[in-house]
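Asks: Quick one, fold the following:
(2 chains)
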Amino acid sequence: MIEIKNLSKNYQDKIAVDNLSFDIMPGVVTGFLGPNGAGKSTTMKMILNLARPSNGEVRIDGKHYIDLEQPVSKIGALIDADAVNPKLTAEQHLQLIAAASEISSTRVDEMLQKAGLEKVRNKQIREYSLGMKQRLGIAAALLGKPETVILDEPFNGLDVDGIKWLRNLTKDLARAGKAVLISSHLMSEIQTIAERVIVLAQGKLIADMTIEEMSKKSFSSYLRVRSENNIKLQGLLRNKGAFIQQMEQNCLIVRNLEMEEVGTAAKESSLAIFELTKVQPSLEQLFTELTDGKVDYVSQQNMNTKKG
Amino acid sequence: MIIKLKKVSFKNLIKAEYQKIMFLKFSKTFLGILMLTSLAMGLIFSITTNVTQGKSIAEMAPNDIISASMLGIDVAAIMLIIFTAISISNEFSTKLIHVSLAVTPNRKRFYFSKFLTYCLLAGVISLLVTFATFFAGQLVLVANGIPMASLKDNSLVQLIIGSAVMPVFYCLLTVAATFIFRSSEGGIIFSLVIMFIPALIKMFSKDIQRLILPILPQSSLHSLSGIVSENSYELLGNGASIFLLLLWIGITSAIGIFQLVRKDV
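Replies: Residues are numbered from 1 along each chain as shown, chains lettered A, B, ... in the order given. Now for the predicted structure:
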C-alpha cells in the first residue's frame, strides 16, 4: 500500500502540492484527476523520489522509496513517455531496466509482445509515434511485475486498439490485486475503468471517494419524476426529506431520495407514476462541478462561455 | 511464503551503465576514433621531432622518442573528457534520468555505478592507448635503425604507468563535473580548464607558481610519470601525487553527489 501523508511541494513562485494525504489501495483502479497544473505529475514524481517533498512523506509498505531493495517490483511507473534515449531501440531500453533490476531477458521479450511492440523491437525509439512510446513506457512500468502501477496520462496518443488494450490491462491488473493509479484527461475512460477517484485542484485534495459516492453528493445527480398529481407527490416526498424543484413539462426534479423511496411513496398514496428516471452526471460533469473556480489555466472560449 | 528481496548488486548496475554506453553507435564510433587518433597523433609527434623539438630522431634518446609517441595519450585524455561529458549529460537531456532514478532511487549508488563504469572503461581505453603508443614509438625507433627502448629502464616503466593514469583521472573528473553542471559543456570546460590552467599559471610570478602549481593535478600526473625536472615547482613525491589526485576526485565527486541528491529531476 502507498501512504501519502501531508505531502507538500513548494516552488519559488507557487505551491504545487498542498498538504496532500491519501492512500493508494491494492486491487483498485484509482483515477487521479485534476486540471492542468493541479499537482498530479508532481505528486507522482514525489512518490518515485524524483522530486523531494517540501513537507510530508510517502511510504510504500512502510518504507521510503529510496529504501526499497527492488523498487521496480514495488512500483512500476509511466511518468513521461519521452523519458527515453531516442537512439536506443525498444528492446535496448527495456534491457537497460532489466539489467539494473536483475530481471531476466525473457521478461523483456514478454513485455514487448504484451505491449504490441514485438515487430518494432529493433527500431530506434526516435522513429516511434507517441502511441508507440506510450506502449513502451507501459511495458517498462510492468517489467518488474510491480505491486503498484502508476500511469500519468497513458491514453495520450493511443489509437482505438491501444485504448481498448490499456483499458483491459488496467482492469486485469486490479483484478490481480495490484494497485493502479492512473491520471488522464479522458474522463470517459476513467469513468469506465476507475472505481475510485482522487481529485486535485491547485495542489489541494478536492475529493477522495468512489465515483458512486461522488455522484450521490453531486448537485447534478437527481430523479426526474412525472405523476398524475405532481403537487400531491411533491408534498409526500418533502415529508420524506426530499429537495424538490419543479421543472417545466410537468416534471419534478427530486434530490436526496432514492428511486425506490419515490416509487414506494407514490404507491402508498395510490398515485400513478408516468416517469421515474435517475439522471447521473458523467464524470466530466462531476469533475467540472468540483473544480469550478479552481482551475489555473482556462481557455478564452471557456471563459467567454462561463461569462455568457 | 515471505520472499526477502535483496538489493540489486553493483555488478548489475555497472552492467546497465555499460549497456547505456555501448548500445549506442555513437559510443563505438567515437571510442574507435579516439584510439586511432591517439595512435596517429602519437606517431606524428614522434616522427616530427625535428620540427617540434629541433632534433632529428637519430639525435634523440630512445626514451624521448617513446615519450613523444606517448603524447598520444594526452589526445586520448581530451577525447575521453568530451566522450564522458556527452554520454552522461545525454541522460539528463533525454530525461532517461527519470527512468534511471526510478530504478535506482538511491542516488549515491547510482552515481557510484556510473563512476565505476567510467573508471573501468577509461582504464581499459587508457591501457590500450598506452600500449599502442608505446609500441608505435618502438616501431619508429626500429624503422630508423635505433635500438628499441628497454622495459628494464625504470624511468620508462614509470613514464608508462604515470601516463596511463592521466586519461582515467580526467575521465573521473569529468564524471563529477558533468553531474555538478548537468551539462556536457560544463563537464568539458571544467576538465579542460583544470588540464590547461598550469600553462596559464606558468606565465605568472614564481611566487604564484610555487603556491598554485603543486596543488594542480598536472603536477601529480607529471611527477608520477617522472617527467618533472628536479627544480620544477611541479615536483611531488609519488605518495603526495596519488593523494592529491584522489583528493581532486574525492572533492569533485562529493560535490557531484550533493548536486544529484539535492536537486529534483
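Asks: where does chain B dip in pLDDT?
Replies: For chain B, the stretches with pLDDT under 70 are B:1-6.
Asks: Residues of it that sit close to chain A?
Replies: Neighbours of chain A within chain B, by C-beta under 8 Å from any C-beta of the partner chain: B:5-9, B:12-13, B:15-16, B:19-20, B:23-26, B:90-91, B:94-106, B:262, B:264-265. C-beta here means a position set from N, CA and C on the backbone, and glycine is covered the same way.
Asks: if you look at those, which of them are in helices?
Replies: Secondary structure of the residues of chain B next to chain A is defined by DSSP state H; positions in helices are B:12-13, B:15-16, B:19-20, B:25-26, B:90-91, B:96-103, B:262.
Asks: Help me confirm that residue A:3 is found in a strand?
Replies: Yes: assigned with DSSP: H, G, I helix; E, B strand; the rest coil, residue A:3 falls within a strand.
Asks: Can you verify my assumption that it contacts residue A:63?
Replies: No: counting by C-beta atoms under 8 Å, residue A:3 does not reach residue A:63; the two are 10.5 Å apart.
Asks: Quick check on those two: which one has the bigger neighbour count.
Replies: Taking neighbours as other C-beta atoms under 10 Å in any protein chain shown, residue A:3 and residue A:63 compare with residue A:3 leading, 15 against 12.
Asks: Tell me how far the residue nearest to the more buried one when sequence neighbours are not counted lies from residue B:135.
Replies: Once flanking residues are discounted, residue A:3 sits nearest to residue A:59: 4.8 Å by C-beta to C-beta, 6 or more residues apart in numbering or on different chains. Distance, residue A:59 to residue B:135, using C-beta to C-beta, to the nearest Å: 59 Å.
Asks: same question, residue A:292
Replies: Counting by C-beta to C-beta - residue A:292 and residue B:135 are separated by 77 Å.
Asks: Any stretches of the stretch 201-308 of chain A with poor pLDDT?
Replies: Within the stretch 201-308 of chain A, the stretches with pLDDT under 70 are A:219, A:248-249, A:293-308.
Asks: Any idea which residue of it lies closest to chain B?
Replies: The nearest approach of the stretch 201-308 of chain A to chain B comes at residue A:203, 15.9 Å away (C-beta to the nearest C-beta).
Asks: now residue A:11: how far from residue A:55?
Replies: From residue A:11 over to residue A:55 (counting by C-beta to C-beta), the distance is 13 Å.
Asks: Give me the more crowded residue out of the two.
Replies: Using other C-beta under 10 Å as the criterion, residue A:11 and residue A:55 rank with residue A:55 on top: 14 against 11.
Asks: Pairing-wise in the sheet, spell out the partners of that one.
Replies: Residue A:55 has these beta-bridge partners by DSSP bridges: residue A:8.
Asks: Wait, it touches residue A:15, no?
Replies: No: at 10.3 Å, residue A:55 does not count as touching residue A:15 under the criterion of C-beta under 8 Å.
Asks: Touching both of the two, which residues are there?
Replies: The contact sets of residue A:55 and residue A:15 overlap at residue A:8 (C-beta atoms under 8 Å, 6 or more residues apart in numbering or on different chains).
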